[in-house]
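Student: Here is my input, please return the structure:
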Amino acid sequence: DVRVFSGVDAYGDLVSCDDLAIDAVYVPLPTTLKKEWTIRALRARKHVLVEKPVAPSAEDYREMAEEARRAGRYLMDGTMFVHHPRT
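Tutor: Presented below is the predicted three-dimensional model:
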């Protein structure tokens, strides 16, 4: 079963989804939006893969990492283009 989240509320719907099959989210959003959505996902008990740059400041990243620690979830950073098949 594949579930697609799209449209204006896609991230909100995904993060608030109680489907236990969704245990991680990918956050490739603009840097200024990553902290908000990462913390929301962590609080919803989801692991998070955040595209680089992870945050606009070290303080924002510390807050994100602390939230991951509190939630007992992984917060990982990625570099999409290095692993993309077209590069």
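
Student: need the helix or strand of this structure with the lowest average pLDDT.
Tutor: helix 80-83 (a mean of 64; mean pLDDT, DSSP states H and E).

Student: in the sheet, who's paired with Val25?
Tutor: For Val25, the beta-bridge partners under DSSP bridges are Val48.

Student: What about it, how many residues nearby?
Tutor: Val25 has 21 neighbouring residues, counting by other C-beta atoms under 10 Å. (Glycine included, C-beta is placed from N, CA and C.)

Student: And the strands in the protein, which stretches?
Tutor: For the chain, applying DSSP state E gives strands covering 24-27, 47-51, 75-78.

Student: Of those, flag the one that's most buried.
Tutor: Greatest average neighbour count among the strands of the chain goes to strand 47-51 (a mean of 20), per mean count of other C-beta atoms under 10 Å.

Student: Mean confidence (pLDDT) on that strand, please.
Tutor: In this model, strand 47-51 has an average pLDDT of 94.

Student: packing partners for it?
Tutor: On a contact count with 3 or more C-beta pairs under 8 Å, 6 or more residues apart in numbering; DSSP states H and E, strand 47-51 meets strand 24-27, helix 31-43, strand 75-78.

Student: Ok, which of these comes nearest Glu63?
Tutor: For Glu63, the closest of those is helix 31-43, at 6.7 Å, according to C-beta to C-beta.

Student: Save the helices and strands packed on strand 47-51 as TSV, and put in mean pLDDT and distance to Tyr61 too.
Tutor: Shown next, in TSV, are the helices and strands packed on strand 47-51 (pLDDT from 0 to 100; distance: least, C-beta to C-beta, whole Å):
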stretch	mean pLDDT	distance to Tyr61
strand 24-27	90	13
helix 31-43	95	8
strand 75-78	91	9
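
Student: Let me have these in CSV, adding distance to Pro85 as columns.
Tutor: Output for the helices and strands packed on strand 47-51, formatted as CSV (distance: least, C-beta to C-beta, whole Å):
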stretch, distance to Pro85
strand 24-27, 16
helix 31-43, 24
strand 75-78, 15
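
Student: Right, I'll leave it there.
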